[in-house]
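# sequence first, then the predicted structure:
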Amino acid sequence: MGGWEGGIRVPGILRWPGVLPAGVVVDEPTSLMDIYPTVTHLGGGVLPQDRVIDGRNLMPLLQGEVQHSEHEFMFHYCGTFLHAVRWHQKDSEALWKAHYVTPVFHPEGSGACYGRGICPCFGEGVTHHDPPLLFDLARDPAEAKPLSPDTESLFNTVINKLDRAVAEHRRTLVPVPQQLSLYNIMWKPWLQPCCGTFPLCWCDKEGDSALTFI
């Protein structure tokens, strides 16, 4: 669903008796990217200093030491294409979200891409918005009513702020090989452990001579 809340706003459940307080609901923007710095912190490790780490350590938030997420901006991608940006404004209750690109839903008005099977990230299957579609998720979490300069006095201020955040974010990006490329996800039998003659692999463990296909 690209950057729409229907594909992003999902619950996360954590349980750690004696460490995390039970029955607490945290209504703050977080990301799966936060898992890496959180686990690194818990393991006593040190994050790399030669790059920008987009995730944040979640422990202060989960343990109630702070009330707000460290994320000010969150960038929502569809594949390698930036579709939307979220701004968690610290000095107000506003939670702004701008869509630069949205998938073309099929059938029209369905709220998903049923006709295609999966929403495309680029090409003819998306719509580019200039100016972006802007929502205040604090008041409109369903993203049903896009704002405009006529309905929101801060429209241009917010869009300019988000545009600058996108420009700064893109300056931190470094091209890397695609981890989920076809070559990287295809089965490579020559890398598969084999105790016998491929493809009839078997292992004789502790006297068990049964043939095992891997």
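On my side now, so go ahead.
# list the residues that contact residue 8.
Applying CB atoms under 8 Å, 6 or more residues apart in numbering, we find residue 8 in contact with 1, 76. Just so you know, the C-beta spots here come from the backbone N, C-alpha and C atoms, and that holds for glycine as well.
# state the next helix or strand along the chain beyond the longest strand seen in the chain.
When the chain is parsed with DSSP state E, its longest strand is strand 126-136. Going down the chain from strand 126-136, the next helix or strand is helix 155-171, by DSSP states H and E.
# would you map the strands across the protein?
73-78, 81-88, 95-103, 126-136.
# circling back to that earlier point, show residues contacting the longest strand of the chain.
Residues contacting strand 126-136 (CB under 8 Å, 6+ apart): 2, 83, 94-104, 120, 143, 145-148, 152, 155, 158-159, 162.
# what residue ranges in this protein score low on pLDDT?
194, 196-214 (pLDDT under 70).
# how does it look with 80?
1, 90-93, 109, 116-117, 189-214 (pLDDT under 80).
# the closest residue in space to residue 6 that isn't next to it in sequence: how many residues sit nearby?
Distance criterion CB to CB, 6 or more residues apart in numbering; nearest residue to residue 6, sequence neighbours excluded, is residue 111 at 6.9 Å. If you count neighbours by other CB atoms under 10 Å, residue 111 ends up with 10.
# same check on residue 106?
16.
# what comes up buried for stretch 176-189?
Neighbour counts over stretch 176-189 (16 or more other CB atoms under 10 Å) mark no residue as buried.
# now do the end-to-end distance for that stretch.
The straight-line separation of the ends of stretch 176-189 (CA to CA, to the nearest Å) is 25 Å.
# starting at the chain centroid, how far to that stretch?
For stretch 176-189, the gap between its own C-alpha mean and the chain's C-alpha mean amounts to 20 Å (CA atoms, centre = their mean, to the nearest Å).
# same thing with stretch 143-151?
Using CA atoms, centre = their mean, the offset of stretch 143-151 from its chain centre is 25 Å.
# any residues touching it, and which ones?
Against stretch 143-151 from outside (CB under 8 Å, 6+ apart): 4-5, 97, 133-137, 155-156.
# for it, buried residues please.
143, 146-147.
# next: stretch 14-34.
29-31, 34.
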